[in-house]
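S.K.: no FASTA, just this:
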């Protein structure tokens, strides 16, 4: 992948995150954090609504099928480990029910929100 292609992908990914944040806010979510990086993984968006904390992975692809399949098992484990670090760092969030979601963004459509995309047991 060329440098220019990487830059376009990066911009598209960050634009997709911004679009997802707007959609979440319209649905009553409070954005707690975005683009969190830990040595064990990263989280795109952390949002809260009621007693639920949503750990959200954003996938921007050319079609919805590609986006839905883009979160691998390895990536899910890395996101879950990052969530453990987040909850250890922010004990005020630890009392909430944690849910792992995926938001899929494709051109010319509103983001699709897949709630409880996978389940993860914390140690």
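M.R.: Okay, I see it. For clarity, every value in this text was computed on a predicted model and none was experimentally measured. Numbering: from 1, shown residues only.
S.K.: and the next helix or strand past the helix or strand that contains residue 18?
M.R.: Using DSSP states H and E, the element containing residue 18 is helix 3-26. Proceeding N to C from helix 3-26, the next assigned helix or strand is strand 30-38, under DSSP H and E.
S.K.: next, the angle from the next helix or strand after that next one to strand 30-38.
M.R.: Once the chain leaves strand 30-38, the next helix or strand it forms, by DSSP H and E, is strand 41-49. Relative orientation of strand 41-49 and strand 30-38, computed by axes from the mean of the first three to the mean of the last three CA atoms, to 10 degrees: 170 degrees.
S.K.: for this structure, which spans come out with low pLDDT?
M.R.: By pLDDT under 70, the low-scoring segments of the chain are 121-123.
S.K.: repeat that for 90
M.R.: For the chain, the stretches with pLDDT under 90 are 1, 5, 8-10, 13, 63-71, 94, 119-123.
S.K.: how near is the spatially closest residue to residue 13 that is not a sequence neighbour to residue 48?
M.R.: Among residues not flanking residue 13 along the chain, residue 60 sits closest, at 5.5 Å (CB to CB, 6 or more residues apart in numbering). Any C-beta I mention is one placed from the backbone N, CA and C, and that applies to glycine too. Computed as CB to CB, to the nearest Å, the residue 60 to residue 48 distance reads 23 Å.
S.K.: more neighbours: the two, which one.
M.R.: Per other CB atoms under 10 Å, whichever of residue 60 and residue 48 has more neighbours is residue 60, with 22 against 17.
S.K.: so what's the more buried one up against?
M.R.: With contacts defined as CB atoms under 8 Å, 6 or more residues apart in numbering, residue 60 is in contact with 12-13, 15-16, 67, 104-106.
S.K.: please pick the buried ones from these.
M.R.: By neighbour count, with 16 or more other CB atoms under 10 Å, these hold 16, 67, 104-106 as buried.
S.K.: these in helices, which ones?
M.R.: 16, 67 (DSSP state H).
S.K.: and the buried ones among the contacts of residue 60, which is closest to residue 82?
M.R.: Nearest to residue 82, judged by CB to CB, of the buried ones among the contacts of residue 60 is residue 16 at 19.0 Å.
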